[in-house]
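S.K.: Based on what follows, work out the 3D shape:
(one chain, ligands or ions: 1)
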Amino acid sequence: MDWIQQVASGRTFAIISHPDAGKTTLTEKLLLFGGAIREAGAVKARRSSAHARSDWMEIERQRGISVTSTVLQFPYQGYRINLLDTPGHQDFSEDTYRTLLAADSVVMVIDAAKGVEPQTIKLFEVCRMRKIPVFTFFNKLDREAREPLDLLDEVERILGIETYAMNWPVGMGQSFQGIFDRQQETFQRFNRASHAFDDGAYKDFKDQIPADLDQELQDALELLDGAGTALDLELVTAGLQSPVFWGSAIANFGVQSFLDYYIKMAPSPTARQSNLGVINPERKDFSGFIFKIQANMNPAHRDRVAFLRVVSGQFERGMAVTHDRSGRTTRLAQPQQFLAQDRHIVDEAFPGDVIGLHDPGLFHIGDTLSTIPNLSFVGFPRFSPEHFAEMELKYTLKHKQYQRGLEELTEEGLLQVFRSPDLGPEVYLGVVGPLQFDVLAYRLEHEYGVEISLRQLSYSLARWVFGGIPEIGRFDHAKMVVDNERRPVVLLEDARTLERLREKNPRLMFSESSEVHTPEEKEG
Ligand code: G4P
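M.R.: As a prediction, this is how the structure comes out:
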């Protein structure tokens, strides 16, 4: 395979969903088709074996949720697939957001009985911000679902993206017959008992399908064709049109045809914006960025793994690269890749690939590693936390461990730390979901031996302020603080407070993330 083909065969994507829509099940089925696992259940089993590995995951076990994101790589039909699994639980959405920075496209799983749910909306917003192509998979057709046309309408209306149905379900729940492929006019017949399916030209199946369901299909197709929306890969790539698929992950139905279309339609590794301009994946110099750090994956030796997404060039084990923030040259000796149950050492990696690097405490989220002098990738926003607390250390003798714990967990992105503008002793914490406070307290205690107490505050929004410092009166229900990089941030009780502040300070900009998003910035 030549270099250009090598680059073009990469597919790096994440699956997003509201909890329980079926993301884990779909992931597992994709891995099955990719030959990465031999039996269903391995992903969940993997989660439980991971529990034994780390104190932190004890919390997951107690809470019965998955806190971690996993990165899985497998080959499929000549493509190199990197599947970024993101936690669906709303409490960990900032982690999910950052995982999306490493993805080139996204599969949005929606429970066809429920439609668009709150977490779907939040995650979709991030995709829109980054203009990531979004493919929709309506799941659970083996159960009674909502009207397919209503579901499409809901996606268009609530998420504001055009849809193009690649295939169409015939019946649902008890009467579910199978899926009609609009591109090829073929049919996959659902067999409830065996979970196997026959496929072929639709006309060959027509006789076996109840007349009313066939009529419904014809009506739906007429409506879809009549709406005049054509599949437009340029719109898909720009994140403006979402190809829609239907199926049942648990019944293995519609998953493979989805995957087959997906790998052909989804973008190959995309370019990324840097301080030196756009870096194309075809460029031969190696470059990549850290999008996730996970500490204490192995409690026996306090390891930290930094996940790097390769942007350009070929990565080779042991290569020397420059770390942009410290300016240091570092040798990447033991890069790892992750596949279902295992992690293993990799010798090489290509654009789009994600590798895990042993982190001696050097890396932060957003750091660049490359062989291109002075290169730094840009565009790693912090997102507005929604829950705030003031933190106090219980025994001041532990101040050093406390500082280190707070610093490391902040670097991992578990929380955001704010201080008063005069850098006084008060420490304010912001998290996206309140469960993160528990995780913080637990990890500080178990990993750093530090006990803290937290007092929850009534703020619910943080806005980075650009263009000056707003005037805040005594009755404004707002508080000025600074973030870790001393950028001014205002904490606010609610959206009304924000509106008032905007009115009083019309020349200032209040941004939901630490980066101002301008259209030029999002190019590439
Ligand atoms: P998540 O990662 O998005 O949170 O969802 P997950 O895959 O864990 O699926 C949530 C529940 O929905 C699971 O049931 C799963 O078996 C079920 N499910 C997933 N896909 C389908 C489907 O296509 N049809 C139907 N009918 N159900 C589906 P559970 O009872 O919560 O867990 P489990 O005991 O089955 O593991």
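
S.K.: Please work out how many residues are found near the nearest residue to residue 470 once chain neighbours are set aside.
M.R.: Closest residue to residue 470 apart from its sequence neighbours, by CB to CB, 6 or more residues apart in numbering: residue 505 at 4.4 Å. Heads up, the C-betas are built off the backbone N, CA and C, glycines and all. Neighbour count for residue 505, taken as other CB atoms under 10 Å: 18.

S.K.: how near is residue 505 to the ligand?
M.R.: For residue 505, the distance to the ligand (CB to the nearest ligand atom, to the nearest Å) stands at 42 Å.

S.K.: With residue 259 instead?
M.R.: Distance of residue 259 to the ligand, given as CB to the nearest ligand atom: 15 Å.

S.K.: Let me know the secondary structure of that residue.
M.R.: helix (DSSP: H, G, I helix; E, B strand; the rest coil).

S.K.: what residues does the chain put near the ligand?
M.R.: Applying CB under 6 Å from any ligand atom, we find that the chain lies next to the ligand at 17, 19-25, 88, 139-140, 142-143, 248-251.

S.K.: can we see that at 8 Å?
M.R.: Contacts of the chain with the ligand, taken as CB under 8 Å from any ligand atom, map to 17-28, 44, 66, 88, 109, 111, 139-143, 247-251, 253.

S.K.: Can you check the pLDDT for the residue nearest to residue 470?
M.R.: For residue 505, the model assigns a pLDDT of 92.

S.K.: quick check, distance from the helix or strand containing residue 439 to the centre of its chain.
M.R.: Taking DSSP states H and E as the definition, residue 439 sits inside helix 435-448. Averaging C-alpha positions (CA atoms, centre = their mean, to the nearest Å) puts helix 435-448 23 Å from its chain's average.

S.K.: Check stretch 374-393 too.
M.R.: 16 Å.

S.K.: isn't residue 307 right up against residue 335?
M.R.: No: judged on CB atoms under 8 Å, residue 307 makes no contact with residue 335 at a distance of 10.6 Å.

S.K.: what touches both of the two?
M.R.: Overlap of the contact sets of residue 307 and residue 335 (by CB atoms under 8 Å, 6 or more residues apart in numbering) consists of 355, 356, 357.

S.K.: So the first one sits against residue 307, correct?
M.R.: Right, the one you point to is residue 355. Yes: taking CB under 8 Å as the definition, residue 355 is a contact partner of residue 307 at 7.4 Å.

S.K.: re earlier: more crowded one of residue 307 and residue 335?
M.R.: For residue 307 and residue 335, the more surrounded residue by other CB under 10 Å is residue 307, and the numbers stand at 26 against 22.

S.K.: I'd like the next helix or strand past the particular helix or strand that has that one in it.
M.R.: Per DSSP H and E, residue 307 falls inside strand 304-312. Moving toward the C-terminus from strand 304-312, the next helix or strand (DSSP H and E) is strand 315-316.

S.K.: So what are the sheet partners of that following strand and their directions?
M.R.: Here strand 315-316 has these sheet partners by DSSP bridges: strand 348-349 (antiparallel).

S.K.: Quick one: distance of the strand it pairs with to the chain centre.
M.R.: Per CA atoms, centre = their mean, the centroid offset for strand 348-349 relative to its chain is 23 Å.

S.K.: From the rest of the structure, what touches that strand?
M.R.: The set of residues external to strand 348-349 that reach it, using CB under 8 Å, 6+ apart, is 310, 314, 315, 316, 317, 335, 337, 355.

S.K.: What mean pLDDT does it get?
M.R.: Mean pLDDT, strand 348-349: 90.

S.K.: Quick check: what element follows it along the chain?
M.R.: Note on strand 348-349: by DSSP H and E, the next helix or strand toward the C-terminus is strand 354-358.

S.K.: helices or strands up against that next one?
M.R.: On a contact count with 3 or more CB pairs under 8 Å, 6 or more residues apart in numbering; DSSP states H and E, strand 354-358 meets strand 70-76, strand 304-312, strand 336-339.

S.K.: let's see it at 10 Å
M.R.: Packing partners of strand 354-358 (3 or more CB pairs under 10 Å, 6 or more residues apart in numbering; DSSP states H and E): strand 70-76, strand 79-85, strand 287-295, strand 304-312, strand 336-339, strand 342-345.

S.K.: just so I know, which of those lies nearest residue 203?
M.R.: strand 70-76 (30.6 Å; CB to CB).

S.K.: mean confidence score for the closest one?
M.R.: Averaged across strand 70-76, pLDDT comes to 79.

S.K.: Pairing partners for it, with directions?
M.R.: Applying DSSP bridges, one finds strand 70-76 paired with strand 79-85 (antiparallel).

S.K.: The strand it pairs with to strand 304-312, inter-axis angle?
M.R.: 140 degrees (axes from the mean of the first three to the mean of the last three CA atoms, to 10 degrees).

S.K.: hey, C-alpha coordinates of strand 79-85 in CSV?
M.R.: Output in CSV follows, covering the C-alpha atoms of strand 79-85 (Å, rounded to 0.1, in the frame of the first residue of the first chain):
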residue,chain,number,x,y,z
TYR,A,79,-9.7,-0.1,6.2
ARG,A,80,-8.0,0.8,9.5
ILE,A,81,-10.7,1.5,11.9
ASN,A,82,-10.2,3.5,15.1
LEU,A,83,-13.3,3.4,17.2
LEU,A,84,-13.5,5.8,20.0
ASP,A,85,-16.0,4.7,22.6
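
S.K.: Now do the same contact list for residue 272.
M.R.: Residue 272 makes contact with 101-102, 278-281, 287-289, 309, 311-312, 351, 368, 377-379, 524 under the criterion CB atoms under 10 Å, 6 or more residues apart in numbering.

S.K.: Show me which of those residues are buried.
M.R.: 101-102, 279, 281, 287-289, 309, 311-312, 351, 368, 377, 379 (16 or more other CB atoms under 10 Å).

S.K.: What is the nearest of the residues you listed to residue 415?
M.R.: residue 101 (18.4 Å).

S.K.: My guess is that closest one contacts residue 130. True?
M.R.: Yes: here residue 101 reaches residue 130: they are 7.2 Å apart, a contact under CB atoms under 10 Å.
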